[in-house]
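Visitor: Provided below are the primary sequence and the corresponding predicted coordinates.
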Amino acid sequence: MDQPVTVLGIESSCDDTAAAVVRGVPGDMQVLGAVVYGQTDLHAQFGGVVPEIAARAHAERLDVSIATALEQANLPLSAIDAIAVTCGPGLIGGVVSGVMMAKGLAMATGIPLYGVNHLAGHALTPRLSDGVAFPYLMLLVSGGHCQFLIAHGPDRFERLGGTIDDAPGEAFDKVARLLGLDQPGGPAIEVAARGGDPARFAFPRPLANKPGCDLSFSGLKTAVLRARDDILAGQGGLKTQDQADLAASFQAAVADSLARKSERALEVYLALNPAAPTLCVAGGVAANMYIRTLLETVSECHGTMFLAPPLALCTDNAAMIAAAGVEQMQVRGPDGMGLSARPRMPLDTQSASMLGSGKKGAKA
Ligand code: KG4
Ligand code: ZN
């Protein structure tokens, strides 16, 4: 039995500045303190995240986030066994802010430092929330990412497929902008869709009939734009009902695409004969109840358990980074001061690159 460890987690890869303290052993962990400072208000007037503003806000708020998380845990920094920090993928200015802060703390105190892949943090979340056993199937769906992974271990992930263009959260945000709804677009579309008809617009399910688990969302966004422009040309503006029907039809298309490809991914995963087969979902888009319900139905049809962590652990947070630190401490040594921040950082380095991969490797 492993000895329980206490890990300070730091997250600053996009527009949330977060710190958390997690204590436990792999698969049995407790969050002792957790703080997330969102930046929605700072970026609102620009219609999206401005990297320079994000990086500056992280630099200003990281110290107070860490101090508050330690205060909540009622622990001094000297009680921390390791510092885990997101070292990529993400907006480079923000990732650098977090890595520099973590390095400074590690250097000053001698506490071991672990660089954690942000995607591993999301993908390991069901180990923190539910103590699920390896292997499990993970659908990671957020503002910047979309992939099916088999989590074999704390640092071993097999990617079965993912988006070849936009991430679903990105599509929700762009479509919300087209419909004149607030940012972030996901929650705004979910609310608008409640009064809408998901069958009014037959939006495409790109790649639905192609084998494999890859997905595409950019054509869907264009289809919503065309449907909106047709309405605008016909009646000069969008009625509330049009907005609701467009939102509902778009949300149904995203959910349907994710559900269909989840079936494919489940087939691959179930061929491994896992003892307690589980489909997990994580990332901001996992907060969507319509999507959760459809995925739960798919899981039930395949005799598989379905796990969706609480919302605070789905969207970006540092508890998932600290928990990934607890897990990874058991299988590898710490990183040194040579740890670097990386804008791109695929989780599965063995699988073939996805479309859209650049010189630095597969698009994360
Ligand atoms: O995981 P997250 O906080 O940050 C990234 O790592 O990207 O995800 C943020 C994304 C945004 O695009 C937001 O619109 C989307 O998650 N999102 C939702 C919902 N809540 C947040 N999408 C659909 N339905 C929701 N209820
Ligand atoms: Zn994320």
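Guide: On my side now, so go ahead. Ligands and ions are numbered 1, 2, ... in the order given.
Visitor: near ligand 1, which residues of the stretch 201-350 of the chain?
Guide: Within the stretch 201-350 of the chain, the positions adjacent to ligand 1 are 283-285, 287-288, 315-316 by CB under 6 Å from any ligand atom. Any C-beta I mention is one placed from the backbone N, CA and C, and that applies to glycine too.
Visitor: what number of residues lie near residue 62?
Guide: Burial of residue 62 is recorded as 26 neighbouring residues (other CB atoms under 10 Å).
Visitor: give me the element it is part of.
Guide: helix 51-73 (DSSP states H and E).
Visitor: So which elements touch that helix?
Guide: strand 5-11, strand 16-25, strand 28-38, helix 40-43, helix 92-109 (3 or more CB pairs under 8 Å, 6 or more residues apart in numbering; DSSP states H and E).
Visitor: where's the residue nearest to residue 179 when sequence neighbours are not counted relative to ligand 2, distance?
Guide: Nearest non-adjacent residue to residue 179, counting by CB to CB, 6 or more residues apart in numbering: residue 243, 5.2 Å away. Distance, residue 243 to ligand 2, using CB to the ion, to the nearest Å: 28 Å.
Visitor: Distance of residue 243 relative to residue 219?
Guide: When distance is defined by CB to CB, to the nearest Å, residue 243 is 21 Å away from residue 219.
Visitor: neighbour count winner among the two?
Guide: The residue with more neighbours, out of residue 243 and residue 219, is residue 243; 21 against 15, by other CB under 10 Å.
Visitor: Okay, and that one sits in which element?
Guide: According to DSSP H and E, residue 243 maps onto helix 240-270.
Visitor: helices and strands around that helix, which ones?
Guide: Using 3+ CB pairs under 8 Å, 6+ apart: helix 240-270 touches strand 136-141, strand 146-153, strand 156-162, helix 168-178, helix 185-193, helix 218-235, strand 278-282, helix 289-301.
Visitor: Let me have those in CSV, extended by mean pLDDT.
Guide: Compiled in CSV, the helices and strands packed on helix 240-270 are given as follows (pLDDT from 0 to 100):
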stretch, mean pLDDT
strand 136-141, 97
strand 146-153, 96
strand 156-162, 95
helix 168-178, 95
helix 185-193, 96
helix 218-235, 95
strand 278-282, 97
helix 289-301, 97
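Visitor: Between those, which one is closest to residue 31.
Guide: When the helices and strands packed on helix 240-270 are compared by CB to CB, strand 278-282 sits nearest residue 31, at 15.5 Å.
Visitor: show me the contacts for the residue nearest to residue 179.
Guide: Listed by CB atoms under 8 Å, 6 or more residues apart in numbering, the contact set of residue 243 reads 179-181, 192, 196.
Visitor: quick one, which of the helices and strands packed on helix 51-73 is packed in tightest?
Guide: Among the helices and strands packed on helix 51-73, the stretch with the highest mean neighbour count (mean count of other CB atoms under 10 Å) is strand 5-11, at a mean of 27.
Visitor: And the helix holding residue 62, what's buried?
Guide: 51, 54-59, 61-62, 65-66, 68-70, 72-73 (16 or more other CB atoms under 10 Å).
Visitor: touching ligand 1 at all, it?
Guide: No: residues of helix 51-73 are not located near ligand 1 by CB under 6 Å from any ligand atom, the shortest gap being 12.0 Å.
Visitor: quick one, domains of the protein?
Guide: 5-129+313-362, 136-308 (automatic domain parsing).
Visitor: which stretch in those domains is the model least sure about?
Guide: In terms of average pLDDT, domain 5-129+313-362 trails the rest of the domains of the chain, at a mean of 90.
Visitor: for ligand 2, what are the nearby residues on the stretch 1-150 of the chain?
Guide: residue 142 (CB under 5 Å from the ion).
Visitor: For ligand 2, what's its nearest residue on the stretch 1-150 of the chain.
Guide: Proximity of the stretch 1-150 of the chain to ligand 2 (CB to the ion) peaks at residue 142, 4.5 Å away.
Visitor: What about that residue, how many residues nearby?
Guide: 25.
Visitor: ok, it - contacts?
Guide: Residue 142 neighbours (CB under 8 Å, 6+ apart): 122, 167-169, 282-285, 315-316.
Visitor: Among those, which one is most surrounded by other residues?
Guide: Among these, residue 122 has the most neighbours (other CB under 10 Å), with 32 neighbours.
Visitor: Skipping adjacent residues, who's closest to the spatially most central residue of the chain in space?
Guide: Residue closest to the mean C-alpha point of the chain, counted by CA atoms, centre = their mean, is residue 283 at 3.0 Å. Once flanking residues are discounted, residue 283 sits nearest to residue 142: 3.2 Å by CB to CB, 6+ apart.
Visitor: now do residue 12
Guide: residue 98 (3.7 Å).
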